[in-house]
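Asks: Turn this into a structure:
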Amino acid sequence: MSTQNIRFILLGLLFGVLFLLFNYWETEKLNNNLKNDNENFLLNDLKSDNDFLDVNQNNDKIFIYDNQLKKNDIIKYDNNYDYIFVKTDVYNIKIDLYGGDITFLELLKYPISKFKNSSGFVLFDTSDLRYYIAQCGLLSENGPDSKRLGKVKFFCDQENFFIGDNDFLFVDLFYQTDNKINFTKRFCFKKNNYLIDVEYIVSNNSNNNYYGYMYGRLKQSEKISNDSILMMSARSYTGGAVYTPSKHYKKVLFSDIESNKLFNEQIFGGWISMVEHYFLSAWIPSPNNEYIYCSERYGDKIYGVRFICKNPLIVEPGCINSIKASLFAGPEIVDVLKNISDGLSLTVDYGILWPIAQPIFWVLKNINNFFKNWGFSIIITTLLIKLLFYKLSASSYKSMAKMRKLQPRINLLKESFGDDKTKFGKAIMDLYKQENVNPLGGCLPIIIQIPVFISLYYVLLESVELRQAEFIFWIVDLSSSDPYYILPIIMGISMLIQQKLSPAPLDPIQAKMMLIMPLIFCFLCFQFPSGLVLYWVVNNLLSILQQLFIVKRYS
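Replies: Reported below is the predicted structural model:
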């Protein structure tokens, strides 16, 4: 196979990668726009599911029954308030007093748009467009999460809570059973922190031991997708994830739950989570206990992941005891997540090229700590990547320069051998050997760029730090496309210049295809994140300068 054919195949491969990424980005934009559509979810099990527990003391097994209440058993709200509202410097939260579920959570520091007074991104919600809540409780034979009492209403001494200038905010919900077992469900919010501690404090004033099994659950409706035939590529992962000893980040697909391929495993420590683009919710129980982790399905297109503590909280008569877990609900910031629990930072999913993507982001982040501008950080990172591969690229460009110098002799050989491709190919290889030219050397820059390009794409797509990050002038969001298409046009022009500096393909059909490639790439990049196109432009410009220097030297 000739070097021209190899270069053509590699460019075709790069075109295929760009096309898939284009579909990927377009699909993600489509999913984000769905929030403004009028699709409705059937939320038939809203406040209609209870967790009931029987304890078989002979074999110490836990049996969980998820039952939907009948219509005449739907909770009737009384005249008092049924929700409490919590505001911190990072959250707006609504807690349902029935069960103490978090049914609304707004991230104040992550506005939906860059417009002034834009509301924050809503993670938990029970609107017509989305159903996503966090629940936890104590499963027992006698308590607020039991078969006898079902989902009870807690009492709270006030309706609104504000953290103000305090470092901590405690929100206590209270419930007392008929036999005088007192339950306090305590939420602890911290300033500038996305980790919420939820503690159950049980005071047993009855005559019998109390046994309670703590559980935590995340429930979410499936997003509606309107992918066309051309939008068949993957998109940012949305679904469940769980920690296991063998795989610290195991995806729990909604499609698997729908087809009853349910996850169920006993794990010491660990966590469960719901993952989506840029944001994460996760229950992280105490690492000192063993838990049953499982996936679940509720009603129509509503799925969940849950943990249940295998060892009960035991409270003897006249005693007080407690158990707690932590709920993370916020942005997927690697440095934050890795300090919470093992493997949680892996929810920032860079795909199969994470060994390349993670160092790229580390470099980007540290450069940005100095420049305070992600656009300039991308430029400097691109320069460092070029320096890293400078010698290898120089060797490739040197080979391409020599081949370009041999172009007149190659044209003469083509005229001499006519249609005899076998003799022509042998003559070409003899010429390369005589002149000490490696015909594959010019392909190396393309091979090098593809994994780096894909890795940086995932970094820009998945790193919440680059969400709505400004550069200069008209580029106000490096995670979105260039509104005026200036960077894609510059990128297409730079590719065309590179084509002129490279040896022309001998096949006239390939030569025409090579000429239209920059136009195709330019079109695809119209919808790419401007940060990625910025990388491509800078990389091309640096490559042109290096190639001009080497071509001039060896011409």
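
Asks: In PDB, please show the C-alpha coordinates belonging to stretch 99-107.
Replies: Extracted in PDB, the C-alpha atoms of stretch 99-107 (Å, rounded to 0.1, in the frame of the first residue of the first chain):
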ATOM      1  CA  GLY A  99     -40.700  10.800  54.700                       C
ATOM      2  CA  GLY A 100     -38.200  13.700  54.700                       C
ATOM      3  CA  ASP A 101     -37.300  13.300  51.000                       C
ATOM      4  CA  ILE A 102     -35.400  16.000  49.100                       C
ATOM      5  CA  THR A 103     -37.700  16.700  46.200                       C
ATOM      6  CA  PHE A 104     -36.200  19.900  44.900                       C
ATOM      7  CA  LEU A 105     -32.500  21.000  44.800                       C
ATOM      8  CA  GLU A 106     -31.200  24.000  42.900                       C
ATOM      9  CA  LEU A 107     -27.400  24.600  42.400                       C
END
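
Asks: could you show me where the helices are in the stretch 401-550 of the chain, in order?
Replies: 407-417, 421-434, 444-462, 486-501, 508-524, 530-554 (DSSP state H, counting those that start in this stretch).

Asks: now those in CSV, with mean neighbour count and mean pLDDT?
Replies: No exception for glycine: its C-beta is placed from N, CA and C like everyone else's. Converted to CSV, these look like this (neighbours: other CB atoms under 10 Å; pLDDT from 0 to 100):
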stretch, mean neighbour count, mean pLDDT
helix 407-417, 13, 74
helix 421-434, 14, 75
helix 444-462, 21, 77
helix 486-501, 18, 86
helix 508-524, 15, 73
helix 530-554, 20, 82
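
Asks: so where do the helices sit in this structure?
Replies: Along the chain, the stretches classed as helices by DSSP state H are 3-33, 254-258, 334-337, 354-371, 374-388, 390-405, 407-417, 421-434, 444-462, 486-501, 508-524, 530-554.

Asks: sorry, back to before: Phe161 is nearest to which of the helices of the stretch 401-550 of the chain?
Replies: helix 444-462 (33.4 Å; CB to CB).

Asks: So Ser236 is in contact with Glu462, correct?
Replies: Yes - Ser236 is in contact with Glu462 according to CB atoms under 8 Å; the separation is 7.0 Å.

Asks: Could you tell me which residues touch both of these two?
Replies: Residues touching both Ser236 and Glu462 (CB atoms under 8 Å, 6 or more residues apart in numbering) are 277, 349.

Asks: So for Trp474, what's the nearest residue that isn't a sequence neighbour?
Replies: Tyr484 (5.7 Å; CB to CB, 6 or more residues apart in numbering).

Asks: Make sure Leu413 is actually in contact with Ala427.
Replies: Yes - Leu413 is within contact range of Ala427, at 4.9 Å (criterion: CB under 8 Å).

Asks: where's Lys151 relative to Asn289, distance?
Replies: Here the criterion is CB to CB, to the nearest Å. By it, Lys151 lies 24 Å from Asn289.

Asks: higher neighbour count, the two?
Replies: More neighbours surround Lys151 than the other of Lys151 and Asn289, with 21 against 16 (other CB atoms under 10 Å).

Asks: if I pick the closest residue to that one other than its chain neighbours, what's in contact with it?
Replies: Computed as CB to CB, 6+ apart, the closest residue to Lys151 that is not its neighbour in sequence is Gly99, at 4.7 Å. Residues near Gly99 by CB under 8 Å, 6+ apart: 135, 137, 144-145, 151-152, 154.

Asks: What of Phe417?
Replies: Counting by CB under 8 Å, 6+ apart, Phe417 touches 423-424, 427.

Asks: Among these, which one sits closest to Leu392?
Replies: Ala427 (29.2 Å).

Asks: quick one, which of the helices of the chain is nearest to Cys188?
Replies: With CB to CB as the measure, helix 334-337 is the member of the helices of the chain nearest Cys188 (17.3 Å).

Asks: Show me what the mean pLDDT comes to for that closest one.
Replies: Predicted confidence along helix 334-337 averages 92 (mean pLDDT).

Asks: Show me what counts as buried in that helix.
Replies: Buried residues in helix 334-337, counted by 16 or more other CB atoms under 10 Å: 334, 336-337.

Asks: Distance to Glu106 added to these, as a markdown table?
Replies: Below are the buried residues of helix 334-337 laid out as a markdown table (distance: CB to CB, whole Å):
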| residue | distance to Glu106 |
| --- | --- |
| Val334 | 23 |
| Val336 | 19 |
| Leu337 | 20 |
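
Asks: mind checking how far the closest residue in space to Thr382 that isn't next to it in sequence is from Gln434?
Replies: Spatial nearest neighbour of Thr382, excluding adjacent residues (CB to CB, 6+ apart): Val538 at 4.4 Å. According to CB to CB, Val538 stands 38 Å off from Gln434.

Asks: helices and strands of the chain: which one bottoms out on pLDDT?
Replies: Lowest on mean pLDDT, DSSP states H and E among the helices and strands of the chain sits strand 61-68, with a mean of 37.

Asks: Could you find the closest non-adjacent residue to Val348?
Replies: Setting aside the residues directly before and after it, Val348 is nearest to Glu332 in space (CB to CB, 6+ apart), at 4.7 Å.

Asks: So that neighbour versus Met274, what's the distance?
Replies: 12 Å.

Asks: In terms of neighbours, single out the busier of those two.
Replies: Met274 (26 against 22).

Asks: In this model Val305 seems to touch the more buried one, though I could be wrong.
Replies: Yes - if you go by CB under 8 Å, Met274 and Val305 touch, sitting 6.9 Å apart.

Asks: Mutual contacts of the two, please.
Replies: 218, 240-241.

Asks: Kindly state the domain boundaries assigned to the protein.
Replies: Recorded structural domains for the chain (assignment: automatic domain parsing) are 3-28+356-554, 38-73+80-222+236-349.

Asks: residue farthest from the centroid of this protein?
Replies: Ser416 (58.3 Å; CA atoms, centre = their mean).

Asks: and that residue, what does it touch?
Replies: Ala427.

Asks: which stretches of the stretch 251-400 of the chain aren't confidently modelled?
Replies: 395-397, 399-400 (pLDDT under 70).

Asks: tally of neighbours for the nearest residue to Gln468 once chain neighbours are set aside?
Replies: Leaving aside its sequence neighbours, Gln468 sits nearest to Asp477 (CB to CB, 6+ apart; 5.1 Å). By other CB under 10 Å, the residues close to Asp477 number 19.

Asks: Do I have it right that Asp477 meets Phe115?
Replies: No - Asp477 is not in contact with Phe115 according to CB under 8 Å; the separation is 11.8 Å.

Asks: re the thing from before, just list the residues touching the residue nearest to Thr382, thanks.
Replies: Going by CB under 8 Å, 6+ apart, the list of residues near Val538 reads 378-379, 382-383.

Asks: what does Leu353 give?
Replies: 451, 454-455, 458.

Asks: Give me the spatial nearest neighbour of the residue nearest to the spatial centre of the chain, chain neighbours excluded.
Replies: Geometric centre of the chain, nearest residue: His277, 4.4 Å, by CA atoms, centre = their mean. Once flanking residues are discounted, His277 sits nearest to Ser236: 4.2 Å by CB to CB, 6+ apart.

Asks: how near is that neighbour to Gly375?
Replies: To Gly375, Ser236 is 22 Å away according to CB to CB.
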